[in-house]
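Student: sequence and predicted structure are below.
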There are 2 protein chains.
Amino acid sequence: MKEKEIRLAHGGGGQLTNELIHQVILPALGGGQDPKRLSDSATVAWPDQPAGGGKVVFTTDSFVVWPLEFPGADIGKLAVCGTLNDLAVSGAHPAAMSMALVLEEGLSIELLARVLASAGKEALQAGVRILTGDTKVVERRGEPGLVINTTGLGYPMPRAKLGFDRLEEGDRVLLSGPLGQHGLAVMIRRKGLSIASTLQSDCANLQPLAAELVSKLGPAVKWMRDPTRGGLAATLAELSDATGRSIEIAQQAMPVDPAALSAAEFLGLDLLSVANEGKLVAVVKAEASAQAVKILRQFPIARQAADIGQIGPVGELPLVEMLTRAGGRRIVQMPYGEELPRIC
Amino acid sequence: MKEKEIRLAHGGGGQLTNELIHQVILPALGGGQDPKRLSDSATVAWPDQPAGGGKVVFTTDSFVVWPLEFPGADIGKLAVCGTLNDLAVSGAHPAAMSMALVLEEGLSIELLARVLASAGKEALQAGVRILTGDTKVVERRGEPGLVINTTGLGYPMPRAKLGFDRLEEGDRVLLSGPLGQHGLAVMIRRKGLSIASTLQSDCANLQPLAAELVSKLGPAVKWMRDPTRGGLAATLAELSDATGRSIEIAQQAMPVDPAALSAAEFLGLDLLSVANEGKLVAVVKAEASAQAVKILRQFPIARQAADIGQIGPVGELPLVEMLTRAGGRRIVQMPYGEELPRIC
């Protein structure tokens, strides 16, 4: 590309759009597409095995994180992992992904290529192809940004039997690692703070963890979720709301990243409400909890996995509560609404 | 909703996000979703008939049109039709759709509800459900806008056999109606011009047209496309490039909307390069052309459908040419890149 920056004309659907797609986007994504065969759609062959046959799992997310690169990851990796993770916690293997870009005029093409290469690498590692896409350009209105939408198709994992309606009193709540790393790493980078320099986003693909849990434990795994925006607090509040059950977690049992903890303290934030992008919350039958923790700990990103609490009875006003280290009880509420946008 | 405008906190993944989703977005889309069952993904039952079995057609588009409402349509209707149309020209019936919203702080919630209701109505009419979604909020940086990504899943129409590699010399090129209405209607509204007040966007769902053509004519329909950004010029240039074949169209044969023609003249634009959002280009076997035109003309949005040209031989430097009304020949080139962004 002669140009160093995105121009409005790159979005016009003409020669410049073609150049951008063929010289920057496709090479970065590394899909090996035949440029002549690019179309407005892709056709996905669907596995014919009884488990997946007849079902398509479908998920979408738009990523608006700012800055586009941050310690530990970038918007490209995040966009691929985010959708892989939504499939994973739905008990689905990824089959195909789409990627739609909204570029702002002035965006550095080198930066664009870098974050797309990061997306392509992540997709390749996960064995999922980015099969169809779209590129739009909007006018510059500040520091030039980028929105990436990824939509994923998956087929059900053969042994998956997930649903919040399967929860029973006594089921255990597992967490795959310490909270807050993604949200805090992004905030620190955005604010230009020099504290907690070792803190990295936990952005990661949870497919291997979810697949291994489901494949080994089958229906003993009852529900999974990745606690992104709103953090673990929002995840558990939603679960309690959907099931009408109280949930109790123990602060003592929760894995901690000291860098995230000190960053949260410095910024005055509650680790329970901060976004994560590489953590799995799973509800499993009590008898399967120890084995589930063992399975999770085999993965480097889940070395600190732990059983952090349990599902309670159905009640009229079900609460999520945390037993604090000091021996008290704290009600964990659905966060009201974070004032800091563009965290994912 | 108490609030009249989107706040950053509506994007935080907490209570305010929930309120927005349950009180504004879902009611407007009219999907009748069970709010307790909302999840990060949806599962789509896949038809088991031999035609569709084993194949999923997958397409994505982000819509950034500005202004959000314009004569004849709005961003909501456009986002649903755009994806229905990409499925249609791929020879696929729609099975499910996702919708991901990126809202700007300050966006009027009433306006948001209006364009989403328009999206919901269009989806309902097309018999497709919006099954999964996402909502993000970004900071205000000017007049508050909205980006909508829609991703569609479809299954192949039983008799569809489409592909540019099926084209032969002598095949006919059909166009379902006059060019330029969408792009010009948006530009006129954006520039606040009072000319050509009768001009309306042609934004429409092309599924019924494509399905009827394919169902009646089967493999005699060889290729379809909707000429959006870059207009008919980009569509035919891409087709010529992909096939290595020259293409010849006759200006005399092309349907015309006088309001679009005068608007294009006023704005100094070439109708061939302006975006359409409700037009179908189809390549059919010569013997099927008359019947195909008749089929198309049954639909109110394609009353002016016409056979406008033909596919030529394979050549080393294949050209798209238009025989002008004056009897000359004009080379139709891939537009370089429009300077006007946010047309779709």
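Tutor: Happy to help now that I have it. Computed from a predicted structure; not experimentally measured.

Student: pLDDT score assigned to the residue of the stretch 151-300 of chain A found nearest chain B?
Tutor: Nearest residue of the stretch 151-300 of chain A to chain B (CB to the nearest CB) works out as residue A:229 at 2.8 Å. Where C-beta positions appear, they are placed from N, C-alpha and C, glycine not excepted. Listed pLDDT for residue A:229 reads 92.

Student: three-state assignment of it?
Tutor: coil (DSSP: H, G, I helix; E, B strand; the rest coil).

Student: that one - how many residues pack around it?
Tutor: Per other CB atoms under 10 Å in any protein chain shown, the neighbour tally for residue A:229 reads 23.

Student: got the domain boundaries for chain A?
Tutor: A:38-156, A:164-331 (automatic domain parsing).

Student: coming back round to it: spatially nearest residue to the residue of the stretch 151-300 of chain A closest to chain B (excluding sequence neighbours)?
Tutor: Using CB to CB, 6 or more residues apart in numbering or on different chains and skipping the chain neighbours, the partner closest in space to residue A:229 is residue B:13 (2.8 Å).

Student: same question for residue A:171.
Tutor: Once flanking residues are discounted, residue A:171 sits nearest to residue A:311: 4.2 Å by CB to CB, 6+ apart.

Student: give the contact list for the residue of the stretch 151-300 of chain A closest to chain B.
Tutor: A:275, A:338, A:343, A:344, B:11, B:12, B:13, B:17 (CB atoms under 8 Å, 6 or more residues apart in numbering or on different chains).

Student: 6 Å instead?
Tutor: By CB atoms under 6 Å, 6 or more residues apart in numbering or on different chains, the contact list for residue A:229 reads A:275, A:344, B:13.

Student: confidence-wise, which of these comes last?
Tutor: Lowest confidence among those: residue B:13, with 82.

Student: assumed that one was part of a helix.
Tutor: No. Read with three-state DSSP, residue B:13 is coil and lies in no helix.

Student: in contact with it, which residues?
Tutor: With CB under 6 Å, 6+ apart, residue B:13 has these contacts: A:229, A:230, A:234.

Student: neighbours of residue A:329, how many?
Tutor: Other residues near residue A:329 come to 10 when the count uses other CB under 10 Å.

Student: now it, nearest residue through space, not along the chain?
Tutor: In space, and not counting its chain neighbours, residue A:329 is closest to residue A:321: 5.2 Å by CB to CB, 6+ apart.

Student: bridging residues for that neighbour?
Tutor: residue A:248, residue A:331 (DSSP bridges).

Student: list the contacts of it.
Tutor: A:248, A:329, A:331.

Student: any idea how far it is from residue A:251?
Tutor: Relative to residue A:251, residue A:321 is positioned 11 Å away (CB to CB, to the nearest Å).

Student: for the one helix or strand in chain A whose mean pLDDT sits lowest, buried residues please.
Tutor: Of all helical and strand segments in chain A, the minimum by mean pLDDT, DSSP states H and E falls on strand A:42-45, at a mean of 81. For strand A:42-45, the neighbour count (16 or more other CB atoms under 10 Å in any protein chain shown) marks A:42, A:43, A:44 as buried.

Student: so what's the first one up against?
Tutor: Listed by CB under 6 Å, 6+ apart, the contact set of residue A:42 reads A:131, A:132, B:58.

Student: excluding chain neighbours, what is closest to it?
Tutor: Per CB to CB, 6+ apart, closest to residue A:42 is residue A:131, 3.6 Å.

Student: could you give the number of residues near that neighbour?
Tutor: The number of residues packed near residue A:131 is 20, by other CB under 10 Å.

Student: enumerate the residues of the stretch 151-300 of chain A near chain B.
Tutor: Applying CB under 6 Å from any CB of the partner chain, we find that the stretch 151-300 of chain A lies next to chain B at A:151, A:229, A:230, A:234, A:242.

Student: now with 10 Å, please.
Tutor: Within the stretch 151-300 of chain A, the positions lying close to chain B (CB under 10 Å from any CB of the partner chain) are A:151-156, A:162-165, A:224-231, A:233-235, A:237-238, A:241-244, A:273, A:275.

Student: show the buried residues in the residues you listed.
Tutor: Neighbour-count burial within those applies to A:151-156, A:162, A:164, A:224-231, A:233-235, A:237-238, A:241-243, A:273, A:275; the criterion is 16+ other CB under 10 Å.

Student: now whichever helix or strand comes after the least confident helix or strand of chain A against strand B:55-63, angle please.
Tutor: Sequence-wise, the next helix or strand downstream of strand A:42-45 (DSSP states H and E) is strand A:55-63. When axes from the mean of the first three to the mean of the last three CA atoms, to 10 degrees is applied, the directions of strand A:55-63 and strand B:55-63 differ by 20 degrees.

Student: can you dump the C-alpha coordinates of strand A:55-63 into PDB?
Tutor: Written as PDB, here are the backbone C-alpha positions of strand A:55-63 (Å, rounded to 0.1, in the frame of the first residue of the first chain):
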ATOM      1  CA  LYS A  55     -27.800 -27.300  15.500                       C
ATOM      2  CA  VAL A  56     -25.900 -24.200  14.900                       C
ATOM      3  CA  VAL A  57     -24.700 -22.100  17.900                       C
ATOM      4  CA  PHE A  58     -24.500 -18.500  16.900                       C
ATOM      5  CA  THR A  59     -22.900 -15.500  18.800                       C
ATOM      6  CA  THR A  60     -21.900 -11.900  18.000                       C
ATOM      7  CA  ASP A  61     -19.900  -9.200  19.700                       C
ATOM      8  CA  SER A  62     -18.600  -5.800  18.700                       C
ATOM      9  CA  PHE A  63     -15.200  -4.800  20.200                       C
END
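
Student: which SSE is immediately downstream of that strand?
Tutor: For strand A:55-63, the following helix or strand on the C-terminal side (DSSP H and E) is strand A:69-70.

Student: what helix or strand is residue A:203 on?
Tutor: In this assignment (DSSP H and E), residue A:203 forms part of neither any helix nor any strand.

Student: looking at it now. What's its pLDDT?
Tutor: So, for residue A:203, pLDDT stands at 98.

Student: got a list of what it touches?
Tutor: A:65, A:70, A:72-75, A:77-82, A:85, A:118, A:122, A:181-182, A:185-186, A:276-278, A:301, A:344 (CB atoms under 10 Å, 6 or more residues apart in numbering or on different chains).

Student: ok, now residue A:293?
Tutor: Neighbours of residue A:293 in contact, by CB under 10 Å, 6+ apart: A:172, A:174, A:175, A:176, A:282, A:284, A:302, A:305, A:306, A:307.

Student: relative to residue B:30, which of those is nearest.
Tutor: The shortest approach to residue B:30 among the contacts of residue A:293 belongs to residue A:282, at 34.0 Å (CB to CB).

Student: and the next helix or strand past whichever strand or helix holds the closest one?
Tutor: In this assignment (DSSP H and E), residue A:282 forms part of strand A:281-284. Next helix or strand after strand A:281-284 toward the C-terminus (DSSP H and E): helix A:289-297.
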